[in-house]
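Asker: Predicted structure and sequence below. I'll ask about it afterward.
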Amino acid sequence: MARQKGLMKYIGTIGDVRHFKIKGQEGFFAGMVGGPTAEQVNNAPEFERTRENMNEFGGCARAGKSLRTALSTLMSKMADSQVTGRLTSIMKKINLEDGTEARGYRKIEISTQRNYLLGFEFDKKLSMNGVFNAPYDVTQTANRESADFIIAPFNPADLISAPSGTTHFRLVNALAVVADFVYNATTGTYEPDDIVNNELSVVQYSAYIPLNAPYAGSTLTATLHGAPTLGNNVTVIQCIGIEFFQEVNGNYYAFSSGNCLRIEDAF
């Protein structure tokens with residue numbers, strides 16, 4: 001793939017060369033026009049492997065979207081522009097672990113491969129450990145409908161890397177339920193194995209905490225609404241995060257950068 005340099009910047013096709021942008025990357029790119037037709041990809045025997053890959057990729061994208069939908073209130077503040085592709089990539093790794101179904105129809109069995117999600121940073125340029133270094137722990141109830149984010153006493157000025165101008169911060173404890181995804185031969189698509197509980201979520205915020213004063217510690221509890229019954233085919237994903245604010249005359253103004261969110265546990 002060619003990368004365009006120089007003063008001319010355009011998107012489109014000139015002759016046999018197509019020019020385009022790639023989301024999340026700088027500059028303009030170029031490639032030759034051509035390749036197989038849609039009819040060939042959809043029907044020709046030589047593209048059977050391509051169809052299998054496309055089918056499973058679509059299912060992985062749907063599984064990743066369920067997690068993003070469950071955490072939609074946090075995505076605009078705490079995720080980078082490439083989070084969709086990065087989550088889809090993780091779901092594909094989970095998909096490849098299934099040895100029970102034929103190629104092209106393998107399950108996305110998150111419930112048996114939860115380790116792939118642990119430590120996922122929603123903004124790849126920010127690490128929760130690099131921003132928030134205070135002592136903490138996480139716990140969950142046996143029925144998986146509630147989880148705690150337990151923060152020990154600490155001095156924020158020493159253990160938090162905040163953007164310039166920050167006066168306060170909030171801690172975040174979020175739960176998101178994501179089901180395993182299986183191929184439905186009737187509909188021809190991947191669907192959640194538990195459509196009722198898939199994408200259930202709750203986000204719990206701490207109070208606004210001063211950056212330049214000792215913090216006494218607290219327990220931030222997030223509990224799913226409605227006391228759902230969660231089967232073995234769903235995973236509860238616990239995320240912890242931090243967001244920053246500047247207080248002016250009693251009003252708290254959120255920073256658009258510096259906030260971060262990480263998958264701390266999956267159970």
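Answerer: Alright, I've got the coordinates. Numbering: from 1, shown residues only.

Asker: Look at N55 and report its pLDDT.
Answerer: Note for N55: predicted pLDDT of 82.

Asker: Ok, the one 10 residues further on next?
Answerer: The predicted local confidence for K65 comes out at a pLDDT of 98.

Asker: swap in the one 10 residues further on?
Answerer: pLDDT, M75: 96.

Asker: That one reaches G64, doesn't it?
Answerer: No: using CB atoms under 8 Å, M75 is not in contact with G64, being 11.8 Å away. Every residue, glycine included, has its C-beta placed from N, CA and C.

Asker: So T73 sits against V202, correct?
Answerer: No: using CB under 8 Å, T73 is not in contact with V202, being 10.2 Å away.

Asker: before we move on, the earlier item: which of M75 and G64 has more neighbours?
Answerer: For M75 versus G64, neighbours defined as other CB atoms under 10 Å are more numerous around G64 (23 against 17).

Asker: Confirm that that one lies within a helix, as I assumed.
Answerer: Yes: according to DSSP: H, G, I helix; E, B strand; the rest coil, the state of G64 is that of a helix.

Asker: ok, now how distant is it from K92?
Answerer: Using CB to CB, to the nearest Å, G64 is found at 9 Å from K92.

Asker: For the chain, just list every one of the helices.
Answerer: With DSSP state H applied, the chain shows helices at 38-43, 48-70, 72-78, 83-96, 128-131, 156-159, listed in chain order.

Asker: Worst mean pLDDT among those?
Answerer: Lowest mean pLDDT within the helices of the chain: helix 38-43, a mean of 51.

Asker: neighbours around A266, how many?
Answerer: Per other CB under 10 Å, the neighbour tally for A266 reads 20.

Asker: If you drop the residues flanking it in sequence, what lies closest to it?
Answerer: Distances taken as CB to CB, 6 or more residues apart in numbering place R114 nearest to A266, at 3.9 Å, with adjacent residues excluded.

Asker: now L96
Answerer: Distances taken as CB to CB, 6+ apart put R106 closest to L96, at 7.3 Å, once the chain neighbours are dropped.

Asker: ditto for Y190
Answerer: Spatial nearest neighbour of Y190, excluding adjacent residues (CB to CB, 6+ apart): G59 at 3.0 Å.
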